[in-house]
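Got a predicted structure here, sequence first:
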Amino acid sequence: MPVPILKQGDYLIASIQSALSDTEVLELRDDLADRIGRFRSQGIIIDVAALDVIDSFVARSLRNIARTASLRGAVTVIVGIQPDVAVAMVQFRLNLEPLQTALDLEEALALLDRHTRGHGRDGG
């Protein structure tokens, strides 16, 4: 099932609804990279609130998506990491660095606004 991607101003919001297969992760990466160029998006928010596990494959995939987006000129923020998922990630020494994270969509939008304003966005 494809990940829904919404356009919100200068940003794209992808909401992962369930665990993704390898193919779906690659499709998400390619779709986001394409839309960044098509919509001249300056930021991506990836919502992982529906995931009850973020393993090493998912963490690596999210980092790869962010690196691809960065090469296309967009900043990526991951939101919605559940408390028990965060604890498990620390216990298993998984991390999303150098990705930026935020608690929720509102915080992610504010983070992207601060970042893009610092890089020439008019802030309006």
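Good, I have the coordinates.

For the residue minimising distance to the centre of the chain, give me the pLDDT.
Computing the C-alpha centroid of the chain and ranking residues by Cα atoms, centre = their mean puts I46 first, at 3.1 Å. If you check I46, the pLDDT there is 98.

and what of the one 3 residues further on?
Model confidence at A49, expressed as pLDDT, equals 96.

before we move on, back to that, confirm for me that the residue nearest to the centre of the chain is in contact with I81.
No - taking contacts as Cβ atoms under 8 Å, I46 lies outside contact range of I81: 10.5 Å. In this view, the C-beta of every residue, glycine as well, is placed from N, C-alpha and C.

Quick one: residues in contact with stretch 83-100.
Contacts to stretch 83-100, defined as Cβ atoms under 8 Å, 6 or more residues apart in numbering, come from residues 51-56, 59, 62-63, 66, 75-78, 81, 111.

cutoff 6 Å now
Stretch 83-100 has contacts (Cβ atoms under 6 Å, 6 or more residues apart in numbering) with I54, S56, A59, L62, A66, V77, I78.

All good on my end, thank you.
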